[in-house]
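**Student:** Have a look; sequence and predicted model below, questions after that.
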Amino acid sequence: MKYHLLFILLLATCASAAAQQRRPPNVRGPVVMRADQMRPQLKPGENRPDVAPSYPGGQPALSEFIQQNVKTPQALLDQQKSGIVFTSFNVGEDGRLTNVKVEKGFTPEADAEALRVLALMPAWKPATRKGKPVAVDVTLAVPVGHSGELIVEKGKVKFE
C-alpha cells in the first residue's frame, strides 16, 4: 500500500513538472529599434530590417538638431530642472515620422516640447529589408532642460 501511494505521488509530481514546462506560443510584437542597441545580424529574423533607419547625417547630426531646436520651457527654467522625455515613432517606408507619442514623460511642458521638436524633424533614411524600404518603430530620448548641462559626446546626447 505504501508503494502504491508513493508511486501515485511520484506520478503527480512528474505531471505537474511537465505542465509547468509547457509555454504559450511565441507571439511577436512590433520591432522596436533603439539607436544604442543596433547591431548587424548574421541571420536577421523575418520581420527585422537588414539596415536600420537613420537620421540624415547620422547620430551627430541628430544630436545637433535636438540641441538647436529644443527650447527649455519656462516652468523648467524656474525650477532649474532637466530631464529626458522618451518618445516613440514609426519611420515609414518613405522616411516620414508617423505615430509620434511620448512613451515615458518628464513633465507636461517637457513632453509637449519633445513632440514639437519631433514634428520639426526632417524625413529619415528608411530601414531596408533585402534592399526594400520597410517601416520600423523607433524609440528616441529627447533631453529637455538647462542648455549648460546638455553635452554632446561622441555623437550622443546626454546629461551630466
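**Tutor:** That came through, no problem.

**Student:** Every contact and neighbour count from this point should use C-alpha atoms.
**Tutor:** Noted.

**Student:** Would you map the strands across this structure?
**Tutor:** Along the chain, counting by DSSP state E, strands occupy 32-34, 83-91, 97-104, 127-129, 132-134, 136-144, 150-153, 156-159.

**Student:** how about the fifth one: buried residues?
**Tutor:** When burial is assessed from 16 or more other CA atoms under 10 Å, strand 132-134 yields the following buried residues: 133, 134.

**Student:** Within the sheet, what are the partner strands of that strand, with directions?
**Tutor:** strand 127-129 (antiparallel) (DSSP bridges).

**Student:** Going by neighbour count, which residues in the strand it pairs with are buried?
**Tutor:** For strand 127-129, by 16+ other CA under 10 Å, it's 127, 128, 129.

**Student:** what residues are up against the second one?
**Tutor:** Right, residue 128. Contact analysis of residue 128 by CA atoms under 8 Å, 6 or more residues apart in numbering lists 49, 50, 51, 52, 53, 134.

**Student:** any idea how far the fourth one lies from residue 95?
**Tutor:** The one in question is residue 52. Plainly put, residue 52 is 12 Å away from residue 95 if you go by CA to CA, to the nearest Å.

**Student:** For residue 129, give me the pLDDT.
**Tutor:** Residue-level confidence at residue 129 comes out at 86, pLDDT.

**Student:** what pairs with it across the strands?
**Tutor:** residue 132.

**Student:** these two touch, right, it and residue 53?
**Tutor:** No - the pair residue 129 / residue 53 is not scored as a contact, 10.8 Å apart, by CA atoms under 8 Å.

**Student:** about what we covered before: adding distance to residue 62, write the strands of the chain out as CSV.
**Tutor:** As requested, those are exported to CSV (distance: least, CA to CA, whole Å):
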stretch, distance to residue 62
strand 32-34, 14
strand 83-91, 14
strand 97-104, 14
strand 127-129, 16
strand 132-134, 21
strand 136-144, 10
strand 150-153, 10
strand 156-159, 9
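
**Student:** So for residue 118, which of these sits nearest?
**Tutor:** Nearest of these to residue 118, taken as CA to CA: strand 97-104 at 7.7 Å.

**Student:** Of the contacts of residue 128, select the buried ones using a PyMOL command.
**Tutor:** This is the PyMOL syntax for the buried subset of those, where burial follows 16+ other CA under 10 Å:
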select buried, resi 49+50+51+52+53+134
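
**Student:** Looking at the contacts of residue 128, which one is closest to residue 109?
**Tutor:** residue 53 (28.3 Å).
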